[in-house]
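*Asks:* below are the sequence and a predicted model; questions follow.
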Amino acid sequence: SNHADRIKHMAKHFLPVIMAGGSGTRLWPLSRQLRPKQFLKLFGDETMLQQTLLRLDGLTYLSPCLICNEEHRFLAAEQLRQLECTDASLILEPEGRNTAPAIALAALHATANNDDPVLLVMAADHRIENIPAFHAAIGKALELVNAGKLVTFGIVPVSPETGYGYIKRGETLAPDCYSVAAFVEKPDSATASAYLASGDYFWNSGMFMFRASDYLNELQAFQPAMLASCRQAYTGCSRDMDFIRVDRDAFLQCPANSIDYAVMEKTQNAAMVSLDAGWSDIGSWSAFMNITDKDADGNSVSGDVLSLDTSESLLYSESRLLATLGVNNMVIIETKDAVLVATRDEVQNVKQLVEQLNVLERTEPINHREVYRPWGHYDSIDNGNGYQVKRITVNPGARLSLQKHHRRAEHWVVVSGTAKVTNGDDVFLLEKNQSTYIPIGQVHCLENPGDEPLELIEIQSGDYLGEDDIVRFDDRYGRS
């Protein structure tokens, strides 16, 4: 009865599980492999990851759990820190294995202390405009979960989309709540139109709610090998600063599968709550354009843009003037190191462009010119034969590793803030307009002792300037 009381007490509580994987291909060149869309500020002052958490404001929930790729860990941690969300668990996947194993890790983590909370599983890169409607749907889902259901949220469709999977509703269980008759693959346009007309089909949102133990029990029934791999990976996990690193070898043995295929299509306990809340998964530039404000000519404009005789186009400028003349139905995205020009009809094929760039071993699909590090970020503002210029920003209180380079020398010039510099045996402070020179092979370190960001210009010179020419001796971020 003690357990039953605790479950009753927790009936209003749930544990948000945020899946923040993603390869950064569909919104290229704005999103990249090392900075996919969930870490970008596409709408307003917060990133999509931050907005995912903020839309839970007003609900009672337990400390969230975030699952992300190892290479995004510092970005994720920094964005949570900006929200003052210090109690979140960050589980790192060595490689993506789709959604079913990711959610299994979260469920194992949630039940590790003999608790059995309800999990609300959300993707970090969705947009939801009507927050009260979303909260109401969560309330309805909780009722179903407490009756032992595994709940998925079905989006009331507004157009015959061919890019989404669909859910066919079964019998009505309560207002806006249904059993699931079928999960349906992405349809062709005629089928999608028929689905829309029938009123029985909903877009599959990829959001779920269930009790942790119920999910693990279903996984045990339908995917025992997957659960065994995940259990082994979680049992062998290590803590590294704020991060939970699962056992790499065990996790890589895990079969990759989505929660839909692995569990939801097989379970007898699937239910659906319908959600009509201005949802979008921003799966392409045209989807992005659909939910942005338009001017009188039907253009969606962001940044420094001048358009004449231009209509029905998405014009996005990140770093300079973008001028258009006499174009229609176009998507033009400008970033510091790449520009995309496409017709709106072709824009779902951006992935193919990115694949080509990867074949050519270009860096543009992987990183922006501006690269984020645990201590801050840098922007490669110029380079040529034997030299490279970077603008470096070091966060207050942050410190780069104690390091040396075999093949390059560096000049540092402070633009603003105060730098604490280790240069060989000397340790000293540099203020604005002061500089230092670090010869090839010299052990050095840069630190920001102040409470303002430190900005400096770094000029590298040498016969090789790759990021891998670095020997770390001491690093507070565990990279030495």
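*Replies:* All right, it came through fine.

*Asks:* where does the stretch 351-480 of the chain have low pLDDT?
*Replies:* Applying pLDDT under 70 to the stretch 351-480 of the chain flags residues 479-480.

*Asks:* tell me where it has strands.
*Replies:* In the stretch 351-480 of the chain, the segments counted as strands under DSSP state E, counting those that start in this stretch are 370-373, 376-384, 387-394, 402-404, 408-416, 419-423, 426-430, 435-438, 444-447, 454-462, 471-474.

*Asks:* what's the fourth one packed up against?
*Replies:* It refers to strand 402-404. In terms of contacts (3 or more CB pairs under 8 Å, 6 or more residues apart in numbering; DSSP states H and E), strand 402-404 is packed against strand 444-447, strand 471-474. (Glycine included, C-beta is placed from N, CA and C.)

*Asks:* what do you get for the last one?
*Replies:* Counting by 3+ CB pairs under 8 Å, 6+ apart, the packing neighbours recorded for strand 471-474 are strand 402-404.

*Asks:* swap in the first one?
*Replies:* Packing contacts for strand 370-373, counted by 3+ CB pairs under 8 Å, 6+ apart, involve helix 73-82, strand 376-384.

*Asks:* got those as a markdown table, with mean neighbour count and distance to residue 222 columns?
*Replies:* Formatted as a markdown table, the helices and strands packed on strand 370-373 follow (neighbours: other CB atoms under 10 Å; distance: least, CB to CB, whole Å):
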| stretch | mean neighbour count | distance to residue 222 |
| --- | --- | --- |
| helix 73-82 | 19 | 30 |
| strand 376-384 | 15 | 44 |
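
*Asks:* nearest to residue 282, of the ones you listed?
*Replies:* Residue 282 sits nearest to helix 73-82 of all the helices and strands packed on strand 370-373, at 17.2 Å, using CB to CB.

*Asks:* outside of the closest one, which residues touch it?
*Replies:* Helix 73-82 has contacts (CB atoms under 8 Å, 6 or more residues apart in numbering) with 20, 35, 39, 47, 49-50, 53, 66, 68, 86, 88, 90, 92, 242-243, 372-374, 477.

*Asks:* which of those residues count as buried?
*Replies:* Among those, those scoring as buried are 20, 35, 39, 47, 49-50, 53, 66, 68, 88, 90, 92, 243, 372-374, 477 (criterion: 16 or more other CB atoms under 10 Å).

*Asks:* hmm, back to that, among the contacts of helix 73-82, which are in helices?
*Replies:* If you go by DSSP state H, the contacts of helix 73-82 have 49, 50, 53 in helices.

*Asks:* residue 330: which of these is nearest?
*Replies:* residue 49 (29.3 Å).

*Asks:* do I have it right that that closest one meets residue 38?
*Replies:* Yes: taking contacts as CB atoms under 8 Å, residue 49 lies within contact range of residue 38: 4.7 Å.

*Asks:* who touches both of these two?
*Replies:* Jointly contacting residue 49 and residue 38 under the rule CB under 8 Å, 6+ apart are 20, 124, 125.

*Asks:* got TSV for those, with distance to residue 169 too?
*Replies:* Formatted as TSV, the shared contacts of residue 49 and residue 38 follow (distance: CB to CB, whole Å):
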residue	distance to residue 169
20	30
124	27
125	26
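
*Asks:* if we can go back for a sec, nearest to residue 304 among the ones in helices among the contacts of helix 73-82?
*Replies:* Among the ones in helices among the contacts of helix 73-82, residue 50 lies closest to residue 304 (CB to CB), at 24.9 Å.

*Asks:* and the gap between the closest one and residue 424?
*Replies:* 41 Å (CB to CB, to the nearest Å).

*Asks:* residue 332 contacts residue 325, doesn't it?
*Replies:* No: using CB under 8 Å, residue 332 makes no contact with residue 325, being 11.8 Å away.

*Asks:* higher neighbour count, the two?
*Replies:* residue 332 (20 against 9; other CB atoms under 10 Å).

*Asks:* are we agreed that the more buried one is in a strand?
*Replies:* Yes: counting by DSSP: H, G, I helix; E, B strand; the rest coil, residue 332 falls inside a strand.

*Asks:* beta-bridge partners for it, please?
*Replies:* For residue 332, the beta-bridge partners under DSSP bridges are residue 315, residue 341.

*Asks:* neighbours around residue 318, how many?
*Replies:* Other residues lying near residue 318 total 20 when counted by other CB under 10 Å.

*Asks:* just give the nearest non-adjacent residue to it, would you?
*Replies:* Ranked by CB to CB, 6 or more residues apart in numbering and with sequence neighbours excluded, the top spatial neighbour of residue 318 is residue 335, at 4.7 Å.

*Asks:* that neighbour: neighbouring residues, count only.
*Replies:* By other CB under 10 Å, neighbour count at residue 335 equals 20.

*Asks:* how about the strand ranked longest in the chain as PDB, C-alpha atoms only?
*Replies:* The single longest strand within the chain, with elements called by DSSP state E, is strand 201-211. What follows is strand 201-211, C-alpha atoms only, in PDB (Å, rounded to 0.1, in the frame of the first residue of the first chain):
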ATOM      1  CA  TYR A 201      -6.200   9.800 -39.100                       C
ATOM      2  CA  PHE A 202      -3.700  11.900 -37.100                       C
ATOM      3  CA  TRP A 203      -0.100  12.800 -37.600                       C
ATOM      4  CA  ASN A 204       2.300  10.800 -35.500                       C
ATOM      5  CA  SER A 205       4.000  13.400 -33.300                       C
ATOM      6  CA  GLY A 206       6.700  11.200 -31.900                       C
ATOM      7  CA  MET A 207       5.700  12.300 -28.300                       C
ATOM      8  CA  PHE A 208       4.700   9.700 -25.800                       C
ATOM      9  CA  MET A 209       3.600   9.300 -22.200                       C
ATOM     10  CA  PHE A 210       3.800   6.100 -20.100                       C
ATOM     11  CA  ARG A 211       4.900   4.800 -16.700                       C
END
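
*Asks:* may I ask you to confirm that residue 223 is in contact with residue 262?
*Replies:* Yes: counting by CB under 8 Å, residue 223 touches residue 262, with 5.0 Å between them.

*Asks:* what do these two both touch?
*Replies:* Joint contacts of residue 223 and residue 262 (CB under 8 Å, 6+ apart) are residue 100.

*Asks:* mind checking pLDDT for the residue nearest to residue 318?
*Replies:* You'll see residue 335 listed with a pLDDT of 95.
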